[in-house]
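*Asks:* following is a predicted model, sequence given first.
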Amino acid sequence: MKLVQITPGAGGMYCGNCFRDNALVAALRRQGHDTVMVPLYLPMTLDEASTAGDTPTFFGGINVYLDQKLAWYRHAPRWLRALADSPALLRWAAGKTAKTRADDVGELTVSMLQGEQGNQARDLTELTDWLQHLAPVDAVFLSNALLAGFARQLRKQPGGRVVCFLQSEETFLDTMPEPWRTRSWEALRERAADVDLWISPSAYFAGRMSARLGIPADRMRVVPNGIALDGYDRLPERTPRRPGDPLSLGFFARMCPDKGLDLVVEAFIALRRTGKFPRLRLRVGGGCGPGDLAFVEEQKARLKAAGLLDDASFHPNVTREEKIAFYASCDVLSVPSRMSESFGLYLIESLAAGTPLVQPSVVGFPEILEATGGGVLAGPNTAAALVAALEPLLLNPARLHELGRTGKAAVFADYSDEAMARRMVAVLAPETVSGTRRSAVAA
């Protein structure tokens with residue numbers, strides 16, 4: 001099959017969508033499919049080799065911004081726009097990007113969702129013109145629903161269908177101020193009809209977004225995310241801890257309120273205050289940009305006030321090797337996210353290292369823990385509920401070890417990048433391969 005993956009880069013930040021898309025493209029290529037990665041906005045920051053190669057970056061972040069702010073720039077000479085798209089300038093822009101805030105980019109989001117009718121219409125034409133040299137293709141993958149505005153124009157390309165992934169867009173759109181929240185959802189609902197097939201990483205999120213966007217059941221499929229297992233497969237076999245041994249409670253995600261780091265810190269302090277776990281340590285890892293530093297310092301201040309700062313360690317913006325070692329160093333991990341998570345790559349990363357999970361019974365977490373058997377549910381998303389779920393596990397290290405073994409086996413069997421790629425190919429029916437755009441899709 002000939003496939004195209006279109007993925008926005010997040011500049012200097014790690015991005016779960018980028019990891020997923022990059023792993024998918026690499027696995028599809030290994031399985032013999034001619035797959036092209038097309039980056040958007042800013043360079044992708046990854047902890048593994050990029051699959052983009054020498055493909056140019058379209059919708060360069062500087063041009064997109066200027067198109068939105070300056071009407072005359074939409075007709076600027078090609079040389080000026082090419083200068084703004086130079087790798088050096090995009091790297092500079094990436095270094096200035098600490099966080100994309102939903103409440104700052106509402107107008108731009110609506111414009112992008114309007115596709116060929118938006119302020120970035122010229123950028124979209126440049127992308128579709130470039131894609132002509134790849135035609136015909138069997139499918140064009142859009143990384144997330146915020147790119148659905150591309151679909152109408154892309155469907156004019158020869159060959160295959162437009163497939164759009166769902167990846168936690170709900171929280172981003174719902175946190176926008178009005179009128180942009182309402183306008184964004186309206187634009188997305190309208191453009192959802194232009195997408196041939198939607199892919200959700202969980203049944204939970206498929207149901208939510210089908211209802212909110214009016215997507216018919218025959219145009220929605222569930223394909224769980226997968227990760228590259230290289231490195232995880234070289235970890236030594238864990239030996240069970242004994243009661244009384246030192247244990248580590250881990251958190252690995254972006255260090256921000258949305259991911260619930262403060263809840264884990266509160267739970268850790270409460271567990272230590274019980275007197276039952278004098279050797280329990282807290283390990284915090286994940287992305288931390290300039291916009292997150294104040295929040296992280298608040299958590300350190302709470303730990304210091306409790307006399308526990310020396311029993312906690314923080315590991316921001318680690319390499320892939322450091323990330324795998326981090327997961328392996330934890331005995332149990334919890335990321336009590338407050339977002340409407342579509343999946344949570346950190347869950348299967350943790351399990352791939354043999355580290356079990358304690359998660360609140362919200363969003364798609366019950367679905368993943370049931371499928372993997374790699375953890376327990378804590379009920380409501382509160383620090384008190386986390387403590388109630390963690391305490392009996394920490395008192396029973398053998399149970400932790402068994403949950404970790406079960407979860408690791410499930411991830412290696414069903415949540416690898418190879419498994420994800422095979423499932424993606426399976427949902428593209430033979431009729432799609434032959435170029436029929438709106439044929440039936442295999443379940």
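*Replies:* Structure received. Numbering: from 1, shown residues only.
*Asks:* F19 versus L333, what's the distance?
*Replies:* 17 Å (Cβ to Cβ, to the nearest Å). Yep, even glycine has a C-beta here, placed from its N, CA and C like the rest.
*Asks:* so where's this structure uncertain?
*Replies:* 10-16, 43-48, 90-104, 158-159, 429-443 (pLDDT under 70).
*Asks:* which residues touch the top helix by length along it?
*Replies:* Taking DSSP state H as the criterion, the chain has its longest helix at helix 397-414. Helix 397-414 is contacted from outside by 224, 227, 229, 233, 238, 240-243, 245, 247, 331-332, 348, 350-357, 371-376, 392-394, 419, using Cβ atoms under 8 Å, 6 or more residues apart in numbering.
*Asks:* one more time with 7 Å
*Replies:* Helix 397-414 is contacted by residues 229, 238, 240-243, 245, 331-332, 348, 351-352, 354-356, 371-375, 393 when judged by Cβ atoms under 7 Å, 6 or more residues apart in numbering.
*Asks:* any quick PyMOL command for the buried ones out of the residues you listed?
*Replies:* In PyMOL, a selection of the buried entries from the contacts of helix 397-414 looks like this (16 or more other Cβ atoms under 10 Å):
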select buried, resi 229+238+241+331+332+348+351+352+354+355+356+371+372+374+375+393
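*Asks:* now, the contacts of helix 397-414 that are in strands?
*Replies:* Using DSSP state E, the members of the contacts of helix 397-414 that fall in strands are 332, 375.
*Asks:* keep only those of the contacts of helix 397-414 that are in helices.
*Replies:* Per DSSP H, these map to helices at 348, 351-352, 371-372, 393.
*Asks:* and stretch 261-272, which residues are buried?
*Replies:* Per 16+ other Cβ under 10 Å, stretch 261-272 contains these buried residues: 261-272.
*Asks:* I'd like those residues as a markdown table, with secondary structure and distance to T125 appended.
*Replies:* Supplementary listing: the buried residues of stretch 261-272 in a markdown table, determined by DSSP: H, G, I helix; E, B strand; the rest coil; distance: Cβ to Cβ, whole Å:
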| residue | secondary structure | distance to T125 |
| --- | --- | --- |
| L261 | helix | 42 |
| D262 | helix | 45 |
| L263 | helix | 46 |
| V264 | helix | 47 |
| V265 | helix | 49 |
| E266 | helix | 51 |
| A267 | helix | 51 |
| F268 | helix | 53 |
| I269 | helix | 55 |
| A270 | helix | 57 |
| L271 | helix | 57 |
| R272 | helix | 59 |
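*Asks:* strands along this structure, start to end?
*Replies:* 2-8, 34-40, 137-142, 159-165, 197-200, 220-222, 247-252, 280-286, 312-316, 332-333, 357-359, 375-377.
*Asks:* among those strands, which is the most enclosed?
*Replies:* strand 357-359 (a mean of 28; mean count of other Cβ atoms under 10 Å).
*Asks:* packing partners for that one?
*Replies:* When contacts are defined as 3 or more Cβ pairs under 7 Å, 6 or more residues apart in numbering; DSSP states H and E, strand 357-359 packs onto helix 345-352, helix 365-372, strand 375-377, helix 383-394.
*Asks:* just those: most buried one?
*Replies:* Most buried among these, given mean count of other Cβ under 10 Å as the contact rule, is helix 345-352, at a mean of 26.
*Asks:* name the surrounding residues that touch it.
*Replies:* With contact meaning Cβ under 7 Å, 6+ apart, helix 345-352 is reached by 16, 19-20, 225, 227, 229, 232, 252-253, 327, 333, 335, 357, 368, 372, 374, 407-408, 410-411, 415.
*Asks:* what do you get if the cut-off is 6 Å, keeping everything else the same?
*Replies:* Applying Cβ atoms under 6 Å, 6 or more residues apart in numbering, the contact partners of helix 345-352 are 16, 225, 227, 232, 252-253, 327, 333, 335, 368, 372, 374, 407-408, 411, 415.
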